[in-house]
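[1] after the sequence you'll find the predicted model.
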Amino acid sequence: MSTTTLDARASAKRRKTSLHSQRLWALWGSYAALAVFVVIFLVPPFYTVVTSLKSSAEISAQVGSPWMVNHPTLDNFWYLITYPNFQTYYLNSAMITAVTVVVSMTISVMAAFSLSRMGFWGSQTLSTGVFLTYLVPPSLLFIPLFQIVGMMGLINNLWCLALLYPTLAVPFCTWIMIGYFSSIPRELDEAALIDGASYIQILLKIFIPVAMPGIIAATIFAFTVAWGAFLYPLAYLYTSSQMVLTVGIISDLIRGDVFQWGKIMAACLLASLPPIVIYAFLMDYYVAGLTAGATKG
Amino acid sequence: MAESSSISVGSAAAGATRTSSMKRFAQRRSTTAFLLCLPLILLVAVFVIYPAFYAIYLSMLNKKMTAFVGLGNFAFLLKRHTFQLVIFQSCLFAITAVVMKALLGFILAHLMHNIPSGNQKIWRGLLLVPWVIPLALSTLTWWWMFDPSYSAFNWVLNQFGLANVPWLGVGWIARLCTITVNIWFGTPFFMIMYLAALKSVPEQLYEAASIDGATARQKLVHVTLPMMRNIISITILFSLITTFADFDIVRILTSGGPQDMTHVFATYAFQVGIQSGDIPLGASDSLFMFPILACAAFFVLRGVTQRTKEIAA
């Protein structure tokens, strides 16, 4: 009798410890696998940093491992910071991105408020249409847009991007904002309506402050789209005074067969800095913006 | 609607003024609503819908855009060997990359789900880096790593006594390289979406399954996957569209070469339409993407709405 209970207790204990050790193995296994993935994912950014610290001489006379820096130097960065063309690209990118963000957010917040709360004849169709517009990739329409931009006389004019980028950002931003606005309880705007607030007041004083996380997420999205777009500037701009960073780096630092890789990598690093800084400080909003699309749709 | 019917029960005179004021109110409200949407409607109409129809018109013109040739451009493209390669490579590129991204993202999401949530943030932060760097810029780094004479990968291979690989110089290897870069870039997005989905599965379901004696595999197949189906299909749809329409990677890495083997629809349209100046041919080339994308969107979205209805019912 007593032996059987002891046996049962012992086996239960063994089972528990084996379960425990199994869990522990799974945990450490997960960490190890994740570490492998992180290393693989970070190889290109690491190599960008390594190369950007090398002089052209060190790159062309490669001694030993290309993954190491023998004589680290900040010359590439200094060259770029004092290089007028690069300054122009940076300024152009910043201007276009700022305009795109402001325009896109204004358009999409207004539309999302109207679609989620007010409604009019055909507003349901419009919401669906907005979602479908998001699915239209830029590479589908860049050729007719080339003609349209040409008709407007904006070929090789930086500001054509300020017209075109909102088409990439607005549908998704509107869609995220519809999701956020719909989650605000209706009692809130009903109470404000009874107090005699107009719809514009409701939007400005209630909806925008309450849905601030959504607005930040959508703003980050609009920013990344405008900052990183490549096809439109490549197709519509060709003089360096009008170029933005993504195309300026390629067309300026690659001259025929001469690749100044150290400078190119330093330029990549400087150009990816704004998105990375935003990401580092606002990661939660960034992730919320990414996932909001699918979970709220 | 509800208000006006309840009002008609009341006294006629008061009811009449009330309904008319309600009507005016509703009118004003819907006018405001429409005006708030107007910028969006204009933007989409001018820069999305109009160009779409304009593309169809353009695709039916001859090279100098002086004569109408009907479907001639499409027929010409289909007969061209380069374009057949483009169709093949676009499908290969999109399908292989999306499948790999979906699988790796799924594995990563599960690994992340295994570790305590306090530590997840830092790992997530590191794993999302490929997605955060603008693609056109990170592809430049890949290009540099694939460089024919200074390739950093070849140095590693040489350390193990292996010969140099001509990364972007041979058709099939170049194809694999473009796909690899796309997988590297897109996997974090899948991971984030799946992780959000995994977190939304209620813990009770797993407990109930454990009590019923379900194995880990059974839990995955009968609990996790059904609960995640909508997010999985939406994520795959998004990714399929962006991958299929990809331009940056192929344009920067190979510009379509060697022997046009890595061209996808977007890069070929750019080469034909913008660089060679044959706008109608470029327009018809990119229009080929439309039916394929529309089919994918239709089936995925139909499935999603059906499942949403089933859940609601």
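    Everything's here; your move. Residues are numbered from 1 along each chain as shown, chains lettered A, B, ... in the order given.
[2] so what's the closest residue to B:Trp167 other than its chain neighbours up against?
    Once flanking residues are discounted, B:Trp167 sits nearest to B:Phe146: 3.8 Å by Cβ to Cβ, 6 or more residues apart in numbering or on different chains. All C-beta spots, glycine's among them, are computed from the backbone N, C-alpha and C. Going by Cβ atoms under 8 Å, 6 or more residues apart in numbering or on different chains, B:Phe146 touches B:Phe153, B:Trp167, B:Leu168, B:Cys177, B:Leu253.
[3] again, 10 Å this time
    Neighbouring residues of B:Phe146 by Cβ atoms under 10 Å, 6 or more residues apart in numbering or on different chains: B:152-154, B:165-169, B:173-174, B:177, B:180-181, B:253-254.
[4] next one: A:Thr246
    Counting by Cβ under 10 Å, 6+ apart, A:Thr246 has contacts A:89, A:93, A:227-234, A:268, A:271, B:134-137, B:140, B:248, B:252.
[5] all strands of chain A, in order?
    Remark: strands assigned in chain A by DSSP state E are A:254-255, A:258-259.
[6] okay but B:Gln259 is in contact with B:Gln89, surely?
    No - the criterion here is Cβ atoms under 10 Å, and B:Gln259 misses it with B:Gln89 at 11.3 Å.
[7] tell me, what's touching the two both at once?
    Common contact partners of B:Gln259 and B:Gln89 (Cβ under 10 Å, 6+ apart): B:Gly171.
[8] how about the strands of chain A in JSON lines, adding distance to B:Leu104 and mean neighbour count?
    Below are these laid out as JSON lines (distance: least, Cβ to Cβ, whole Å; neighbours: other Cβ atoms under 10 Å in any protein chain shown):
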{"stretch": "strand A:254-255", "distance to B:Leu104": "32", "mean neighbour count": "12"}
{"stretch": "strand A:258-259", "distance to B:Leu104": "31", "mean neighbour count": "13"}
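[9] spatially nearest residue to the residue in the stretch 151-297 of chain A that chain B sits nearest to (excluding sequence neighbours)?
    Of all residues in the stretch 151-297 of chain A, A:Gly228 sits closest to chain B, at 3.1 Å by Cβ to the nearest Cβ. Nearest residue to A:Gly228, sequence neighbours excluded (Cβ to Cβ, 6+ apart): B:Pro134, at 3.1 Å.
[10] before we move on, what about B:Arg229?
    The shortest distance from B:Arg229 to any non-neighbouring residue, by Cβ to Cβ, 6+ apart, is to B:Arg307 (6.4 Å).
[11] quickly find the element holding the one you found.
    Under the criterion of DSSP states H and E, B:Arg307 resides in helix B:289-312.
[12] show residues contacting that helix.
    Defining contact as Cβ under 10 Å, 6+ apart, one finds that helix B:289-312 is touched by A:128, A:131-132, A:135-137, A:139-141, A:294, A:297, B:52, B:55-56, B:87, B:90-91, B:94, B:226, B:229-231, B:233-238, B:240-241, B:244-245, B:264-266, B:269.
[13] filter those residues down to the buried ones.
    Applying 16 or more other Cβ atoms under 10 Å in any protein chain shown to the contacts of helix B:289-312, the neighbour count classes A:131, A:135-137, A:139-141, A:294, A:297, B:55, B:87, B:90, B:94, B:230-231, B:233-238, B:240-241, B:244-245, B:264-266, B:269 as buried.
[14] which ones among those map onto helices?
    Members of these lying in helices (criterion: DSSP state H): A:131, A:139-141, A:294, B:55, B:87, B:90, B:94, B:230-231, B:233-238, B:240-241, B:244, B:265-266, B:269.
[15] so how far is B:Phe290 from the closest residue to A:Gly129 other than its chain neighbours?
    Of all residues beyond its chain neighbours, the one nearest A:Gly129 is B:Val44 (7.2 Å), with distances taken as Cβ to Cβ, 6+ apart. B:Val44 sits 17 Å away from B:Phe290, going by Cβ to Cβ, to the nearest Å.
[16] between the two, which is the more surrounded one?
    B:Val44 (24 against 16; other Cβ atoms under 10 Å in any protein chain shown).
[17] okay, and the more buried one sits in which element?
    Per DSSP H and E, B:Val44 falls inside helix B:12-44.
[18] what is the rounded mean pLDDT of that helix?
    Here helix B:12-44 scores 76 as its mean pLDDT.
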